[in-house]
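Student: Quick one, fold the following:
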Amino acid sequence: AYEIMPSLVGSEMCIRDSIKHFGGRMLALVCIASLMGCSAHTVSQPSSTGHSGFQKETSISNEMRLNAACQVDGGYYLQSDGLVYFMDATSGRMTPVCGKPECHHSDDTCNAWVNSPFLSWYDGKLYYATSSLDTDNLLTLYSMNQDGTQHEKVQTIQLQGADWSTSYQPMLVGGWIYFMDSNSMLYRAKLGADVSQADLLFQENSSDILESTWKFWADGDNVYAMNHVLTSNGEYEDILYRLGEKETGTKEIWRSSDIGILGVDESVSSWYITGGHLYYYFSGSDVWDMDLQTNVSAKLVDLPDTLQSGTAIFNDTNIFILDDQPDPTFGPQSPFRYGGKTIRVYTYQGELSKELDLQPIYQQYPDVVHCALVFADTEHAYVLAYCGMDISIATRFYRVSLESGDCTELDTWPGATNVYESTPSEPPMQIG
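Tutor: Sure, this is the predicted structure:
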């Protein structure tokens, strides 16, 4: 739900979003109470079987403090504030992907440091993208071993500096890297190839567009790009394209205005493509099902009023909708949220299958003000709980069992060592 600039993740992104959205309204003073370990860490060795390239279920909603993830057999790689951690699927234990002795895991000298807008597991390597002075501030793709060693440059995936009015995440699928250059020009290049030989897939007419947030997607043999735009008349809209192998093969196939949805405030939308269908949820509306072959749209879930301002995530078997609410200062579709006490789980037939209670999180930590859905697999929904204020660096990470409903804290999450301190004029909001 947050815009992510290719070169602005981690602490830099926090500064940007604070300037853009909070202005002088509030000041949060946060401090790090402790750093994770000082000794060498051993990372479990996951298998690459069954998980390679683009992963729908971990194409997460860009939570401020957990903005990239990918799955491997045995667990997940997660990025938090620029560092990559491996989370063991059985124990839930998280370990920095770094084996350097006496490393504090706190800056770019750590082997786990990637500071990337995406993570992808492909052909036995972990891929990430970042920019630096060493690469002329151009977004560059790197690979690394699963234990954090042997970081290698793969290729530059940017022809020139990106426009500040756009944001996006690259996508690695089928041996191709999909990326965006300035002025919303979409490209694809063979993995490892010279970017100057990349295929131009689309160039946006930006004359009526103030901001663009792009997201790539793959479903079967089809590759898509969704553009979340702010138009010059102050309305937000989502526009879906099916990408061809060349620019002539790329077609616009859907707009949110086709189902009567336009956002007049900073809007939150969630979507998922599987089996040739687009499933779409706009905060303040309902859940829609669009057949991308026939262009037929139908309302899948008619949500109660208590959920119409919530947020959603998806996987291949379920739709998860959380009853968090927008900060009233910023309007009904604001990405700045509070609350979130119940997750309602729906099937793709539109039926409510279960409800998951998050009240135990608020009871365990009374300073939690917002629970955010991050991603879900076949057994758990993963929830990030913000302490003191939304997007605080003081966070707690939970997995919620889809079978029993139990909320289990993953206490080796790095944000659990951070402390939120409010100023006297800005006391923490109490929720739950």
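Student: can we go C-alpha only for contacts and neighbour counts from here?
Tutor: Will do.
Student: burial of Asn137, as a residue count?
Tutor: For Asn137, the count of nearby residues is 16 (other Cα atoms under 10 Å).
Student: And the one 10 residues further on, by the same measure?
Tutor: Counted with other Cα under 10 Å, the neighbours of Asp147 add up to 22.
Student: Check whether it sits in a helix, strand or coil.
Tutor: Following DSSP: H, G, I helix; E, B strand; the rest coil, we place Asp147 in the coil state.
Student: Look up phi and psi at it.
Tutor: Dihedral angles of Asp147 (phi, psi; degrees, to the nearest 10) stand at phi -100, psi 10.
Student: Could you tell me the per-residue confidence at it?
Tutor: Confidence at Asp147, expressed as pLDDT, is 89.
Student: go on, Gly10?
Tutor: Note for Gly10: predicted pLDDT of 38.
Student: where in the stretch 301-432 of the chain is pLDDT low?
Tutor: The model of the stretch 301-432 of the chain has pLDDT under 70 over residues 305-308, 328-335, 422-432.
Student: so where do the helices sit in it?
Tutor: Remark: helices assigned in the stretch 301-432 of the chain by DSSP state H, counting those that start in this stretch are 359-364.
Student: Give the burial count for the closest residue to Leu186 other than its chain neighbours, as a bare number.
Tutor: Excluding its sequence neighbours, the residue lying closest to Leu186 (Cα to Cα, 6 or more residues apart in numbering) is Met180, at 4.5 Å. Using other Cα under 10 Å, Met180 has 29 neighbouring residues.
Student: in a strand, that's where Met180 is, yeah?
Tutor: Yes: looking at Met180 with three-state DSSP, it is inside a strand.
Student: Do I have it right that it meets Ala189?
Tutor: No: taking contacts as Cα atoms under 8 Å, Met180 lies outside contact range of Ala189: 10.9 Å.
Student: related to what we said a few turns ago, can you give me the distance of the residue nearest to Leu186 to Ile157?
Tutor: Here the criterion is Cα to Cα, to the nearest Å. By it, Met180 lies 8 Å from Ile157.
Student: With Thr317 instead?
Tutor: Distance, Thr317 to Ile157, by Cα to Cα: 33 Å.
Student: Same check on Asp327?
Tutor: Using Cα to Cα, Asp327 is found at 36 Å from Ile157.
Student: same question, Glu237
Tutor: Counting by Cα to Cα, the gap from Glu237 to Ile157 is 27 Å.
Student: same question, Lys246
Tutor: Distance of Lys246 to Ile157, computed by Cα to Cα: 17 Å.
Student: ok, which stretches of the stretch 151-300 of the chain are strands?
Tutor: When assigned using DSSP state E, counting those that start in this stretch, the strands of the stretch 151-300 of the chain occupy the ranges 152-156, 166-167, 171-173, 176-181, 185-190, 199-203, 209-219, 222-231, 236-243, 251-255, 269-274, 277-282, 287-291, 296-301.
Student: can you tell me which of those the model trusts least?
Tutor: Note on the strands of the stretch 151-300 of the chain: strand 166-167 shows the lowest mean pLDDT, a mean of 59.
Student: Can you give me the first-to-last residue distance of stretch 290-300?
Tutor: End-to-end span of stretch 290-300 (Cα to Cα): 9 Å.
Student: what's in contact with it?
Tutor: With Cα atoms under 8 Å, 6 or more residues apart in numbering as the test, stretch 290-300 has contacts from 253-254, 259, 276-280, 286-289, 348-350.
Student: switch to 10 Å and redo it
Tutor: Applying Cα atoms under 10 Å, 6 or more residues apart in numbering, the contact partners of stretch 290-300 are 242, 253-254, 258-259, 273, 275-281, 286-289, 346-351.
Student: still on that earlier bit, which residues are common contacts for Met180 and Ile157?
Tutor: Common neighbours of Met180 and Ile157, using Cα under 10 Å, 6+ apart, are Leu139, Pro170, Tyr187, Arg188.
Student: Check these for burial and list the buried ones.
Tutor: Taking 16 or more other Cα atoms under 10 Å as the criterion, what is buried in these is Leu139, Pro170, Tyr187, Arg188.
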